[in-house]
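**Q** sharing a sequence plus its predicted fold:
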Protein chains: 2
Amino acid sequence: MSDEKALLAVEHEVALMFRRGRARVAELSRRVHPELEGMAYSLLGYVEQAGPVRVTDVGVHFAVGKATVSRQIRALEELGLVAREADPQDGRAALVSLTEDGRRRYLAARDVRMRRVRELLGNWSRGDVDRFAELLHRFNDVIGEPPVE
Amino acid sequence: MSDEKALLAVEHEVALMFRRGRARVAELSRRVHPELEGMAYSLLGYVEQAGPVRVTDVGVHFAVGKATVSRQIRALEELGLVAREADPQDGRAALVSLTEDGRRRYLAARDVRMRRVRELLGNWSRGDVDRFAELLHRFNDVIGEPPVE
C-alpha cells in the first residue's frame, strides 16, 4: 500500500465509524424514548454530566446552531426528560437539567451501551485495546476541540 | 490499568471522536454553503457517490427518520445543491442527485478535508497509520451495519 492509500484507508474507516456510530446513537436515543432520534442520547449525556447548563453552552459543546439546539432541547422538555429554570446569573438565559425520569431513562440506555462496548471489545487482546485507545487519543488530539463560535 | 479501565478509555475516546468529528463535519457543511449545518456535508457526499438515489434510501443509509431526512434534503434543494426528479420505476418516489453547483461546492470542501487528513496524519509513522486503519476496521466490523428499518 502506498502512503496515500494508507491515509485513504484511515479516512474511509473514520467516515464509516461516524456513520455507524451515528446509527447506534440514534438507536440509543429511541431506546431512551421512542419519539427521540438523532443525537438526543448524546445531548442527554452532556446535560447529565454538565447540568444545570445553559442551552447556548450545549450548542457550543456539540457545535450546532442556536435554532437546532433549541429545537432539540424543546423536544426533550416536551417529553419530560429535561427541565428549564431561569439562570440566577442572567435572567434572560435558561439552565437545563435532567428530570428524574430523564436521568433514569438515560442511565438505563447508557448501561446497554456500556454492556455493548464490553461485548464488542471482549475478545480483543488487552494490547490491542490499549493500542486502539492510544491511537484514538492521538487522533483526537490532532482533530482538536471545535472552535468556539 | 484494569481491563475495565482500558475499555472505558476506548469508550471515552470514541465518544470524543464523535463529538469532534461532528463539529468538523458541521464546519465542512458551512464551507459548502454558509446556511448549511450539521451533517449536510455527509448527505451531499452520499448523494454524490450513490445518486440519483431515493430520499428514503438516504434516510436508511444514515439511520435517520423520514421527516428529518426530508427536511434536510429540502434545505439542500432550496439552496440549489440537489435536484429531484420522479423515479421512473415508482412515480410516487423522488430521486435526488447533485446539481452542478452542488457537486462543485461539495468537491471543493472534500479537497479541504482530505488535505486536512493528510496534514493530521502526516507526522505519524507508516506503521501507526496502518495499525490505526486496521483497528478501526475491526471496530467497525463489530459495530456492524445499522439494521434496515
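**A** Everything's here; your move. Residues are numbered from 1 along each chain as shown, chains lettered A, B, ... in the order given.
**Q** going forward, measure contacts and count neighbours with C-alpha atoms only.
**A** Noted.
**Q** what's the spacing between residue A:139 and residue A:98?
**A** 32 Å (Cα to Cα, to the nearest Å).
**Q** so those two - more neighbours on which side?
**A** Shown here are residue A:139 and residue A:98; by other Cα atoms under 10 Å in any protein chain shown, residue A:98 has more neighbours (24 against 17).
**Q** touching, that one and residue A:43? I think so.
**A** No. The criterion here is Cα atoms under 8 Å, and residue A:98 misses it with residue A:43 at 10.5 Å.
**Q** now do the shared contacts for those two.
**A** Counting by Cα atoms under 8 Å, 6 or more residues apart in numbering or on different chains, residue A:98 and residue A:43 have no common neighbour.
**Q** what pLDDT does residue A:129 get?
**A** We have a pLDDT of 93 for residue A:129.
**Q** and what about it, helix, strand or coil?
**A** Secondary structure, DSSP: H, G, I helix; E, B strand; the rest coil: residue A:129 is helix.
**Q** same question for the one 5 residues further on.
**A** Assigned by three-state DSSP, the conformation of residue A:134 is helix.
**Q** ok, it - how many residues close by?
**A** 16.
**Q** just residue A:119 next, same as before
**A** 12.
**Q** just checking, what packs against the strand or helix carrying it?
**A** Here residue A:119, judged by DSSP states H and E, is contained in helix A:100-121. Packed against helix A:100-121 by the contact rule (3 or more Cα pairs under 8 Å, 6 or more residues apart in numbering or on different chains; DSSP states H and E) you find helix A:3-32, helix A:40-50, helix B:3-32, helix B:126-143.
**Q** residue B:119: which of these is closest?
**A** helix A:3-32 (10.2 Å; Cα to Cα).
**Q** for that closest one, the distance to its chain's centre please.
**A** 14 Å (Cα atoms, centre = their mean, to the nearest Å).
**Q** check which helices and strands it sits against.
**A** Against helix A:3-32 (3+ Cα pairs under 8 Å, 6+ apart) you get helix A:40-50, helix A:100-121, helix B:3-32, helix B:55-62, helix B:100-121, helix B:126-143.
**Q** would you list those helices in JSON lines and tack on distance to residue A:62?
**A** Supplementary listing: those in JSON lines, determined by distance: least, Cα to Cα, whole Å:
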{"stretch": "helix A:40-50", "distance to residue A:62": "8"}
{"stretch": "helix A:100-121", "distance to residue A:62": "18"}
{"stretch": "helix B:3-32", "distance to residue A:62": "6"}
{"stretch": "helix B:55-62", "distance to residue A:62": "19"}
{"stretch": "helix B:100-121", "distance to residue A:62": "19"}
{"stretch": "helix B:126-143", "distance to residue A:62": "23"}
